[in-house]
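Visitor: Got a predicted model here, sequence first, then my questions.
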Amino acid sequence: MSAIATVLMQMGYRVEGSDLKESPNVRRLRAMGAVVGIGHRADNLGLAEVVIRSSAVSGDNPEIIEAERRGIPVIARASMLSGIMETRESIAVAGTHGKTTTSSMITQMLLECGTDPAFLIGGELNEIGSNAHYGAGRYLVAEADESDGSLLCLKPSHAVLTNVELDHPDYFESIEQTADVFRRFLDLLPTGGTAVVCGDDPMARRVGLDFAGAGGTVLFYGRGEENDYRFEGEAVSAEGCAYTARFRGEELGAVRTLVPGVHNIYNSLAALAVGHSLGIPVDGAIEGIRRFQGVRRRFELVGTHDGIKIVDDYAHHPTEVRAVVDLASKIAGGRVMVVFQPHRYSRTGRLAADFAESFDAADVVVVTDIYGAGEEPEPGVTGRMVADGIRERDPAKELHYVPSRSELAHRVVELLRDGDLVITMGAGDVTQCAREILGLLGPGNS
């Protein structure tokens, strides 16, 4: 929502709104001229002519009720995003994982090549300190959110599909239903539009092949030789990644990233494929990827204290968790301690068993209770389900269940040893725990 507010103001519209609490985004929007109230109240509407509603806002919200009483149009966030996207040649990044990083890499690549893109993404680019900008150039980059099917409101010029997994069981009954929505999303591409699809992900490849079979233009990327864009000779370290990129056998160049992890090789190759397919100079595209310094909450180093490193990450799905923990185990000098906050009762209940093996590479796991994100609690569904699954899989694993969020940082500090790499992980307020840990460790933070 803050990205849409930012772009609308840059387009010349007056923006007002509300949020539940103060945040850096709220302060940034106010500095730009937005009027942002804290708390949802009917009088926040003021002289509003249109109300844009997030799918996270329920129908009994007082501002929605007041808008309907006054006959003010209430439109979905995705509908407004679609309208903004139609002002540019748009590139929409979809998929279960990697949307924010991939869309950010594409944005950085286009910036490096001087195209002045517009962008609306789900995280703040470290280089820019913002998640949105309405550039004057030809292209617009945006994330396509599948969580409630609203990506079907969009009409992108080009699309990326990173992978397909079941991540929103509150909306999708199965991975097949998820894949069907992504397939329908690709169908929205116009004649001449290109879908860049991860060919190493079986479900994404199937979606891409279905789309190609119906006459769509698809370019696959990945490690496998059957892909149009391939990486080979990859190397991963704490400082980032390096590999050689090829297009149908032709070498495009040596690619380096400042963000580590094999998953970021895939993300960067997707970005390069987009740039190459659009005719962006390859050297400029590779340099833009090299300059990309990451996104807030994606393996973000929050600080250090006497050799202890505190990292924060947004991972909240078993596949994402496994990728981050495996990466940490490869680059850490000491123990890897993961502080995990499950996100949503529906996801935890459905995927609790899958979470168990995601922490195999961690030395210590601390699990707290679920961040509901507006969902009502489900009987028997708690963070203990995740903790019990880890314990059953590996009884020798050092595991701690700390249900109280307020006690979490204190308990973590009690467990720390010199040289530990601590990762606070989840899509909820566990991100605040990273700075709480640093504060409790005392002077000497950096």
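Guide: Good, I have the coordinates.
Visitor: Is the residue nearest to Leu209 when sequence neighbours are not counted part of a helix or strand, or is it coil?
Guide: Using CB to CB, 6 or more residues apart in numbering and skipping the chain neighbours, the partner closest in space to Leu209 is Val218 (7.5 Å). Any C-beta I mention is one placed from the backbone N, CA and C, and that applies to glycine too. Under DSSP: H, G, I helix; E, B strand; the rest coil, the three-state class of Val218 is strand.
Visitor: Repeat that for the one 3 residues further on.
Guide: Following three-state DSSP, we place Tyr221 in the strand state.
Visitor: hang on, isn't it packed against Tyr243?
Guide: No. Tyr221 lies out of contact with Tyr243 (CB atoms under 8 Å); the separation is 12.0 Å.
Visitor: Overlap in contacts, the two.
Guide: Common contact partners of Tyr221 and Tyr243 (CB atoms under 8 Å, 6 or more residues apart in numbering): Leu269.
Visitor: quick one: which of those two has more around it?
Guide: Counted by other CB atoms under 10 Å, Tyr221 and Tyr243 do not tie: Tyr221 has more neighbours, with 26 against 21.
Visitor: and that one, what is it in contact with?
Guide: 196-199, 227-230, 266, 269-270, 273.
Visitor: which one of those sits closest to Gln177?
Guide: Nearest to Gln177, judged by CB to CB, of the contacts of Tyr221 is Val197 at 18.6 Å.
Visitor: And for that closest one, nearest residue in space, chain neighbours not counted?
Guide: Using CB to CB, 6+ apart and skipping the chain neighbours, the partner closest in space to Val197 is Gly208 (3.6 Å).
Visitor: In terms of pLDDT, where does that neighbour sit?
Guide: For Gly208, the model assigns a pLDDT of 96.
Visitor: before we move on, what about Met109?
Guide: pLDDT at Met109 comes out at 94.
Visitor: May I have the secondary structure class of it?
Guide: The three-state label given to Met109 by three-state DSSP is helix.
Visitor: I figured it hits Asp283, correct?
Guide: No. Met109 is not in contact with Asp283 according to CB under 8 Å; the separation is 11.3 Å.
Visitor: Neighbour count: these two, which is higher?
Guide: Between Met109 and Asp283, counted using other CB under 10 Å, the more crowded position is Met109 (28 against 12).
Visitor: Can you name the residues that contact that one?
Guide: 271-272, 274-275, 280, 284-285, 288-289, 292.
Visitor: The same query, at a cut-off of 7 Å, please.
Guide: Met109 is in contact with 271, 275, 280, 285, 288-289, counting by CB atoms under 7 Å, 6 or more residues apart in numbering.
Visitor: if we can go back for a sec, would you mind confirming that the residue nearest to Leu209 makes contact with Gly199?
Guide: No. Val218 is beyond contact range of Gly199, at 9.1 Å (criterion: CB atoms under 7 Å).
Visitor: and the residue nearest to Val197, what element?
Guide: In this assignment (DSSP states H and E), Gly208 forms part of helix 202-213.
Visitor: ranges for the strands of the stretch 251-400 of the chain?
Guide: Per DSSP state E, counting those that start in this stretch, the stretch 251-400 of the chain carries strands over the ranges 300-305, 308-313, 336-340, 364-367, 398-401.
Visitor: what would the ones you listed look like in a markdown table with mean pLDDT?
Guide: Output for those, formatted as a markdown table (pLDDT from 0 to 100):
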| stretch | mean pLDDT |
| --- | --- |
| strand 300-305 | 87 |
| strand 308-313 | 91 |
| strand 336-340 | 95 |
| strand 364-367 | 95 |
| strand 398-401 | 94 |
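Visitor: Give me whichever of the ones you listed is most buried.
Guide: Mean neighbour count (mean count of other CB atoms under 10 Å) peaks for strand 336-340 among the strands of the stretch 251-400 of the chain, with a mean of 26.
Visitor: Identify the residues contacting that strand?
Guide: Strand 336-340 has contacts (CB under 7 Å, 6+ apart) with 325, 328-329, 359, 361-367, 408, 412, 415, 420-426, 430, 433.
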